[in-house]
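Colleague: sequence below, structure please.
(2 chains)
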Amino acid sequence: MNTTILLFLIQDGITNGAIYALLGLALVLVFAVTRVILIPQGEFVTYGALTYATLSAGQTPGTAQLAVAMGIVAFGIDLFLARKSLHAMRVFRAFAVDIVFPCAILGLTLFAAGRHNTIAINTALSLLIVAAIGLFLYRIAFQPIAHTSVLVLLIASVGCHLAMQGFGLVFFGAEGLRGPAISNAALTIGPLSFSGQSLAVYGITIAFIVCLWLFFGYTLYGKALRATAVNRLGARLVGIRTSLSGQLAFLLASVIGALSGILIVPITTLYYDTGFMIGLKGFIVAIIGGLVSYPITAFAAFGVGIVEAFSSFYASNFKEVIVFTLIIPVLVLRSLAAPEVEEEQD
Amino acid sequence: MSQRFSILIFALIMAVLPLIPGMPPYWIVLLDNIGLAALVAMGLVLLTGVGGLTSFGQAVFCGFGAYTTAVLSTQYGLSPWLTLPASLVVSGIAAVILGIVTVRLSGHYLPLSTIAWGIGIYYLFSKLEFLGRNDGIGRVPPLQIGSYQMLDAGSIYYAIWFFVIASAILTLNLLDSRTGRGIRALRRGHIAAEAFGVATGWAKLLVFIHAAVLAGLSGWLYAHFQRAVMPTPFGAQAGIEYLFIAVVGGAGYVWGGVLGAAIVVILKEVLQGYLPLIFGGQGQLEIIVFGIMLVALVQLAPGGVWPWLVGLLPFKTTSQRPDTSVALAAPARAAAPAGPLLRIDNARKQFGGVTAVNDVSFDVGAREILALIGPNGAGKSTTFNLITGVLKATSGTVTFAGQPIIDAAPQTITQLGISRTFQHVKLVPDMTVLENVAIGAHLRGRSGAIASMLRLDRADEAALLAEAARQIERVGLGDQIDHLAGSLSLGQQRIVEIARALCVNPMLLLLDEPAAGLRHMEKQRLATLLRQLRDGGMSVLLVEHDMGFVMDLADRIVVLDFGTRIAEGTPQAIMKNPDVIKAYLGGVA
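Modeller: Numbering: from 1, shown residues only, chains lettered A, B, ... in the order given. Okay, the predicted model is just below:
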């Protein structure tokens, strides 16, 4: 093999790895705060990417309507749960978040669709839509069972994945879509040429990791999330609203997922079910990080990205086999290193 | 109504179903599919519902079974009946290899890893040349008995349901046995089970293999039913669906797996048939409904349909009381030499810089009740853990009946004749008192998994249960023998732990705060019981905070403070000892 191919593969691996790093970070975040293993993370990716691509093509994405529908369900659940102590303020707040917010997004989307919008507007709209879906997903599917075991949450998570993937097919059809690049600039250093898009991927990944680090290290909300992650009951006792922490975690995760999708949809064609595989690779990365460590997760992401790039070059048939069996030695090392946990009380 | 009778009725109904005149052939196909899914779900019930190991990858084992028979019967022309053992062995071996890696994982790592290898192996199926890549293997021969070929859905129906019912019986037999109790303790209560000699690592691997072999059997039947094998039905989606089936039916119940398979297969059929009519023809709408139902199910009815259905039945299944006249041979042990039974000599345990036990020495004589007391953090529980082998001492020796046991495994120590109770009660809450106590006799039984499945373990099992029942009578809980352990009061649960410890037929009984949570009368009864045990030749070492109880009961007392022995003597002497008073009440410096 020559150096050009080597460098090219490494570059490819780093671009993929950056996306896995973003997803891995989101998965770690959600697991740490809510104990939900977020299988539908992949759907956030496809929803973000395909919403962006649909908007760019001048059409109205079905995800905007889904956000409104989920908002209505969430409103119903809120009213039902608070039926013993309904007062105007509470109803008003729930109405604002569950009904007004998604309807406003839908209005904006309908207004924007069919016009020539800048990429920034399309990106912002896509992120808003998916953020609303992420928030309502937590409130509908996970908040009522937030206290149950990891396994129950995992099964619910799989259910969400199935439903969202099915909706994805309804909204976007079986054909793949591509979106316009954020930047068409190109940079050449020696034998390597970087497209503006891949530079955007690197830049945004690094920016996000720094932001997350600052958020968790230096803000009150970040610390509240960490406190919830360490001890749910303890966090409640010192006055942290743990359901709010869960909503915040899902909001962040859906935004990160949608952003990853928007970043890669100009590079590769995405289908309604591509997200699952991308999300699973994010998982492998997150598991290597033990679902707790952000820096290890980021490093593991680049490792997985590079292994994937090399195996798709040398053994493209067995690319997926290699990537998915990569996890087994990692898991073995993890389980040997970690002491056996005390039995679960469920 | 006995279980055997219910199964017989079920088998008869299933046998008659296809003979009903006017039965649409399509329904028979559905019943076949239900049977195939039920086999896999039954394995998952054991693995996930009972054993607590969640697997999303069971579809892969169906794949091993199906591909094995497809390759052997098409390329080597073997008869399907010869490939049956091959299919089962291949899925079993795959389970051993994957299981050795997987069952070691704890918590959420385990289900995630099953997703990972599930997808990896699915891709392997679809890429390997000799498995026909994505096209799979066609022209698989049908099953055949003599010259009768099982070509259509109606003829293979009997083969499928024969295997379903046989597997259900074997699985139920396994659960109702010595090995089964070990399996049922895996999810909640594995620490105590391990202390009484249940090899939990092996039990996990065993259920993993059992589930995989059932899935392999389903794959073998599937290959000869469809007469072709393709990778698609062995992917991640199918793996998720099997878990869904088990959860719908009731993940803790073997028949829940069968019921869940019926519900899901029929529902899927109905949804695929009607949803496009209602919403227009686009997309996999049944997937959406499925997903939403899964979420709704875990929120509204996490237990599944089967337990709810059984609750509706007007009659209850009755359990028989064990015949206490069956004797269980006492474990063979070398006679203890004269002198103290247990000798602890300069035992020391350090955790990093903290010395929890600081060169402590004391003896427990034969027929003696020795109490170990001291303020919180004095090192009492650590000393217990050094004796029972849960922790390894940093230095020093522990000798029991003349044998050094400082480096012995907890199970060896149990076998030598030391048994214990736990400070925080560790019982399996969803097993009866009898079954919990019988775990204590685990090492005194011999029957393994295969013998249990084939019901060759009955004599052994009767002796174990009789011993358990005798010990329950002895501690005075005879009336609660059939109750679930979780339904008892905390004080009664502590007594159940003592009965379980007695099942070891110990020479030395270690009790960690046995009187905590007991009412006054219960304490008095416990004291009487312990005195009886001592007079019968047993030694007792107990940690206790209730001074009234200790002073009244103990022959001798050892006092620890900050890991060091500060006093030893009779209760009267200890009560007057100035160091002890200082340790408990604080002294004037």
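
Colleague: as a check, name the ranges of all helices in the stretch 1-150 of chain A.
Modeller: A:3-34, A:41-56, A:62-81, A:88-95, A:101-112, A:119-137, A:150-172 (DSSP state H, counting those that start in this stretch).

Colleague: tell me the angle of the last one relative to helix A:119-137?
Modeller: It stands for helix A:150-172. Calculated by axes from the mean of the first three to the mean of the last three C-alpha atoms, to 10 degrees, helix A:150-172 forms an angle of 140 degrees with helix A:119-137.

Colleague: and helix A:150-172, what's its mean pLDDT?
Modeller: When pLDDT is averaged over helix A:150-172, the result is 86.

Colleague: now swap in the second one and tell me
Modeller: For helix A:41-56, mean pLDDT rounds to 92.

Colleague: also the longest one?
Modeller: Computed over helix A:3-34, the mean pLDDT rounds to 84.

Colleague: list the buried ones in that helix?
Modeller: Residues of helix A:3-34 classed as buried by neighbour count (16 or more other C-beta atoms under 10 Å in any protein chain shown): A:8-34. For the C-beta atoms, the positions are set from N, CA and C on the backbone; glycine is no exception.

Colleague: next one: that helix to chain centre, how far?
Modeller: Relative to its parent chain, helix A:3-34 has a centroid offset of 13 Å by C-alpha atoms, centre = their mean, to the nearest Å.

Colleague: what is that helix packed up against?
Modeller: Judged by 3 or more C-beta pairs under 8 Å, 6 or more residues apart in numbering or on different chains; DSSP states H and E, helix A:3-34 is in contact with helix A:41-56, strand A:192-195, helix A:196-218, helix A:220-230, helix A:242-264, helix A:274-288, helix A:294-314.

Colleague: what do you get if the cut-off is 6 Å, keeping everything else the same?
Modeller: Here helix A:3-34 touches helix A:196-218, helix A:220-230, helix A:242-264, helix A:274-288, helix A:294-314, going by 3 or more C-beta pairs under 6 Å, 6 or more residues apart in numbering or on different chains; DSSP states H and E.

Colleague: next, whatever residue of the stretch 301-450 of chain B ends up closest to chain A: phi, psi?
Modeller: At 6.2 Å from chain A, residue B:302 is the closest residue in the stretch 301-450 of chain B, using C-beta to the nearest C-beta. The phi and psi values for residue B:302, taken as degrees, to the nearest 10, are phi -60, psi -20.

Colleague: that one - nearest residue in space that isn't next to it in sequence?
Modeller: Nearest residue to residue B:302, sequence neighbours excluded (C-beta to C-beta, 6 or more residues apart in numbering or on different chains): residue A:152, at 6.2 Å.

Colleague: counting neighbours, what do you get for residue 69?
Modeller: No chain in the question, so chain A it is. Using other C-beta atoms under 10 Å in any protein chain shown, residue A:69 has 13 neighbouring residues.

Colleague: think we crossed wires, I meant chain B
Modeller: 30.

Colleague: which parts of the stretch 51-200 of chain B are helices?
Modeller: B:58-75, B:80-102, B:109-127, B:153-175, B:178-184, B:190-195, B:200-226.

Colleague: and the longest one, what does it pack against?
Modeller: When you say that, I think you mean helix B:200-226. When contacts are defined as 3+ C-beta pairs under 6 Å, 6+ apart, helix B:200-226 sits against helix B:25-44, helix B:58-75, helix B:80-102, helix B:153-175, helix B:178-184.

Colleague: nearest to residue A:248, of these?
Modeller: Shortest distance between residue A:248 and the helices and strands packed on helix B:200-226, using C-beta to C-beta, is found for helix B:80-102: 33.6 Å.

Colleague: other residues contacting the closest one?
Modeller: Outside helix B:80-102, the residues within contact range by C-beta atoms under 6 Å, 6 or more residues apart in numbering or on different chains are A:328, A:332, B:61, B:64-65, B:68-69, B:72-73, B:113, B:117, B:143, B:205, B:208-209, B:212-213, B:216, B:220, B:224.

Colleague: list the buried residues of it.
Modeller: B:80, B:83-84, B:86-88, B:90-92, B:94-95, B:98-99, B:102.

Colleague: can you check stretch B:372-386 too?
Modeller: B:372-374, B:378-386.

Colleague: which ones, among the residues you listed, also lie beside chain A?
Modeller: By C-beta under 6 Å from any C-beta of the partner chain, no member of the buried residues of stretch B:372-386 lies near chain A.

Colleague: I'd like these as a markdown table, with secondary structure, distance to residue A:277 and pLDDT appended.
Modeller: Formatted as a markdown table, the buried residues of stretch B:372-386 follow (DSSP: H, G, I helix; E, B strand; the rest coil; distance: C-beta to C-beta, whole Å; pLDDT from 0 to 100):
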| residue | secondary structure | distance to residue A:277 | pLDDT |
| --- | --- | --- | --- |
| B:372 | strand | 58 | 91 |
| B:373 | strand | 61 | 89 |
| B:374 | coil | 59 | 85 |
| B:378 | coil | 56 | 81 |
| B:379 | coil | 54 | 85 |
| B:380 | helix | 54 | 87 |
| B:381 | helix | 49 | 84 |
| B:382 | helix | 50 | 87 |
| B:383 | helix | 54 | 89 |
| B:384 | helix | 51 | 86 |
| B:385 | helix | 47 | 86 |
| B:386 | helix | 51 | 88 |
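
Colleague: what is the nearest of those residues to residue B:489?
Modeller: residue B:381 (23.3 Å).

Colleague: for the stretch 151-300 of chain A, which residues score under the pLDDT cut-off?
Modeller: Along the stretch 151-300 of chain A, the parts satisfying pLDDT under 70 run over A:190-192, A:290-294.

Colleague: which bits of it sit near chain B?
Modeller: Counting by C-beta under 6 Å from any C-beta, the stretch 151-300 of chain A sits next to chain B at A:151-152, A:154-156, A:158-159, A:162-163, A:166-167, A:169-170, A:287.

Colleague: need phi/psi at residue B:188.
Modeller: Residue torsions, per degrees, to the nearest 10, at residue B:188 are phi -130, psi 110.

Colleague: how close does the residue nearest the centre of chain A sit to chain B?
Modeller: Ranked by distance to the mean C-alpha position of chain A (C-alpha atoms, centre = their mean), the top residue is residue A:257 at 2.8 Å. Distance of residue A:257 to chain B, given as C-beta to the nearest C-beta, to the nearest Å: 17 Å.

Colleague: isn't that residue up against residue A:45?
Modeller: Yes. Here residue A:257 reaches residue A:45: they are 4.8 Å apart, a contact under C-beta atoms under 6 Å.

Colleague: from chain B, how far off is the closest residue in space to residue A:263 that isn't next to it in sequence?
Modeller: Nearest non-adjacent residue to residue A:263, counting by C-beta to C-beta, 6+ apart: residue A:201, 5.1 Å away. Shown here: residue A:201 relative to chain B, a distance of 25 Å by C-beta to the nearest C-beta.

Colleague: show me what contacts residue A:201?
Modeller: Contacts of residue A:201 (C-beta under 6 Å, 6+ apart): A:15, A:18, A:263.

Colleague: try it again at 7 Å.
Modeller: A:15, A:18-19, A:263 (C-beta atoms under 7 Å, 6 or more residues apart in numbering or on different chains).

Colleague: of all those residues, which comes closest to residue A:309?
Modeller: residue A:15 (8.7 Å).

Colleague: if we ignore the residues flanking it in sequence, what's nearest the closest one?
Modeller: Going by C-beta to C-beta, 6+ apart, residue A:15 has residue A:198 as its nearest residue, at 4.8 Å.

Colleague: report how many residues lie close to that neighbour.
Modeller: For residue A:198, the neighbour count with other C-beta under 10 Å is 23.

Colleague: go on, residue A:100?
Modeller: By other C-beta under 10 Å, the burial measure for residue A:100, its neighbour count, is 12.
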